[in-house]
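> heads up, no residue letters with this:
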Ligand SMILES: Nc1ncnc2c1ncn2[C@@H]1O[C@H](COP(=O)(O)OP(=O)(O)O)[C@@H](O)[C@H]1O
Ligand SMILES: [Mg+2]
């Protein structure tokens, strides 16, 4: 399942807001079928990184090649087409709170010009909801759901387009330890079931230990180390040790 | 010093709002057009303000009639009450009061809705779901507000006149036909047309300011409240400024 074909290549990515330099020549590669966790403390620019990858923020410099296309060069239409293949799970879930769960899930399908029949849409909705174990919530409003359930619905909404890559922005932050563990298991199950590559950004070591095949560490705007959990946990570098102690 | 700071932020705000408005016109006339959402917003925006607008219009018509009576009686021209009230309402009170109610109701709700969508990343989520959030949220709401306020104002004018008719009949007996005859005898088309035209601008101001404040909402849930609040204040002030411009322009065009 895993090979050495890169699906995301970030090279020399720089991004600053005024005088606040957030990313400074950041490099990262995500290979097909891989689960990569980027660790960084809060405020280190993890969300900025992931938003540059999906084209929500424009980088100041650098190349971001996603599925063979350089994101900063794309037109609006090309970017839309690319985004249909890259799922994004927002830190705050970003469920549309004026819509039911069903409408939330149908939204990306309808908006991406996909010509799917209504009964096919219903099947897809049912399928992704079953994947995340929440088939019974289909007619509920997001406000009626718990934090963990909302996270699952948000994941279902990205899965419905059958993306090649899923970007997770702190999927376990704000959840209790048990729910967090369930989400971690779900991330692994989804990767297995849908054959996706996943880029997870987090500061949760439990997530890194259980879900990561490879870990990258974001420190002061640079990628200061990559490796497996074992490799990094035995590192002598005090900056890296700080995450593991 | 304090005034300097105020002036700088004032001009920044005006500049940012102008850029936002320019973007509205750029995006509004280019596909893809969000017809379905526009129709839905028209319904929501019109329906939401209907009862409030109706109630205030009725009371304004009734109260104006009662307030005018003593001085009109003193000069012995109480026959002119229907015409006076009608001209005041159609030319000024109807558009402005309805506009202000609309700003309070719709401006704040658009500001709060878009603000909370911004801070909970729903606007970004739309963007990655193949939707231009500016077209889907801002263009539809602003157009809906622009189209619905004139409808509401015409409705409010009619309800106000009915209120005035009841107000007249509290003191004397006047048939509705006679009341309307007196009204229409004294009403010219240049009383009504400029008044209706300016309401499109009022509606546009309410929509665009609500969207602008919500779209650039920051700093968590506290920012959402501030967006809603400042949307109402800014839209209300804009309505008065536009009203001031409208009266000059109308006077120029109709030479009166
Ligand atoms: N849109 C923005 N405008 C200005 N500054 C921003 C913006 N987004 C993020 N930042 C700044 O970038 C830094 C990193 O933020 P972020 O990526 O959200 O951190 P985290 O790693 O916790 O996700 C912070 O200092 C933040 O203030
Ligand atoms: Mg973040």
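Perfect, I can see it now. This is a predicted model, so every value here is computed, not measured. Ligands and ions are numbered 1, 2, ... in the order given.

> what's the longest helix in chain B?
The helix of greatest length in chain B, counted in residues with DSSP state H as the criterion, is given as helix B:35-74.

> how about that helix: buried residues?
Neighbour-count burial for helix B:35-74, counted by 16 or more other C-beta atoms under 10 Å in any protein chain shown, picks out B:37-38, B:41-42, B:45-46, B:49, B:53-54, B:56-58, B:60-62, B:64-66, B:68-69, B:72. The C-beta positions use only the backbone N, C-alpha and C, and glycine is treated the same way.

> which of the helices and strands in chain A ranks last by mean pLDDT?
The least trusted helix or strand in chain A, going by mean pLDDT, DSSP states H and E, turns out to be helix A:238-244, with a mean of 83.

> mind giving me the packing neighbours of it?
When contacts are defined as 3 or more C-beta pairs under 8 Å, 6 or more residues apart in numbering or on different chains; DSSP states H and E, helix A:238-244 sits against strand A:214-219, strand A:222-227, helix A:229-233.

> ligand 1: which of these is closest?
Between ligand 1 and the helices and strands packed on helix A:238-244, the shortest separation by C-beta to the nearest ligand atom is 7.6 Å, and it involves strand A:214-219.

> who touches that closest one?
With contact meaning C-beta atoms under 8 Å, 6 or more residues apart in numbering or on different chains, strand A:214-219 is reached by A:26, A:28, A:34-40, A:44-46, A:49, A:201, A:208, A:223-229, A:232, A:239-240, A:243.

> these two touch, right, residue B:124 and residue A:90?
Yes - between residue B:124 and residue A:90 a contact is recorded at 6.9 Å, counting by C-beta atoms under 8 Å.

> ok, the two, which is more surrounded?
For the pair residue B:124 and residue A:90, the greater number of neighbours falls to residue A:90 (25 against 20), based on other C-beta atoms under 10 Å in any protein chain shown.

> for the more buried one, give me its contacts.
Taking C-beta under 8 Å, 6+ apart, one finds A:154, A:169, B:121, B:124-125 in contact with residue A:90.

> ok, residue A:208 next?
Taking C-beta under 8 Å, 6+ apart as the contact definition, residue A:208 lies against A:37, A:39, A:202, A:215, A:229.

> at 10 Å instead, please
By C-beta atoms under 10 Å, 6 or more residues apart in numbering or on different chains, the residues touching residue A:208 are A:37-39, A:184, A:200, A:202, A:214-215, A:217, A:229, A:232-233, A:243-244.

> which of those residues are buried?
Burial by neighbour count, 16+ other C-beta under 10 Å: within these this picks out A:37-39, A:184, A:200, A:202, A:214-215, A:217, A:229, A:232-233, A:243.

> which two among these are spaced furthest apart?
A:184 and A:217 (19.0 Å; C-beta to C-beta).

> burial count for residue B:7?
Number of residues near residue B:7 (other C-beta under 10 Å) recorded here: 10.

> return every residue with contacts to both of residue B:124 and residue A:90.
Common contacts of residue B:124 and residue A:90 (C-beta under 10 Å, 6+ apart): residue A:51.

> which helices and strands does the helix with the most length in chain A pack with?
Looking only at chain A and at elements set by DSSP H, the helix with the highest residue count is helix A:177-194. If you count contacts as 3 or more C-beta pairs under 10 Å, 6 or more residues apart in numbering or on different chains; DSSP states H and E, helix A:177-194 packs onto strand A:35-39, strand A:86-89, helix A:118-131, helix A:147-159, strand A:165-169, strand A:197-202, helix A:205-211.

> how about the ones you listed in JSON lines, adding distance to residue B:22?
Written out in JSON lines, the entries for the helices and strands packed on helix A:177-194 read as follows (distance: least, C-beta to C-beta, whole Å):
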{"stretch": "strand A:35-39", "distance to residue B:22": "38"}
{"stretch": "strand A:86-89", "distance to residue B:22": "29"}
{"stretch": "helix A:118-131", "distance to residue B:22": "38"}
{"stretch": "helix A:147-159", "distance to residue B:22": "33"}
{"stretch": "strand A:165-169", "distance to residue B:22": "32"}
{"stretch": "strand A:197-202", "distance to residue B:22": "36"}
{"stretch": "helix A:205-211", "distance to residue B:22": "44"}
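
> export the ones you listed to a markdown table and tack on mean pLDDT and distance to ligand 1?
Formatted as a markdown table, the entries for those read as follows, by pLDDT from 0 to 100; distance: least, C-beta to the nearest ligand atom, whole Å:
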| stretch | mean pLDDT | distance to ligand 1 |
| --- | --- | --- |
| strand A:35-39 | 93 | 9 |
| strand A:86-89 | 94 | 13 |
| helix A:118-131 | 90 | 26 |
| helix A:147-159 | 93 | 17 |
| strand A:165-169 | 95 | 7 |
| strand A:197-202 | 94 | 7 |
| helix A:205-211 | 89 | 14 |
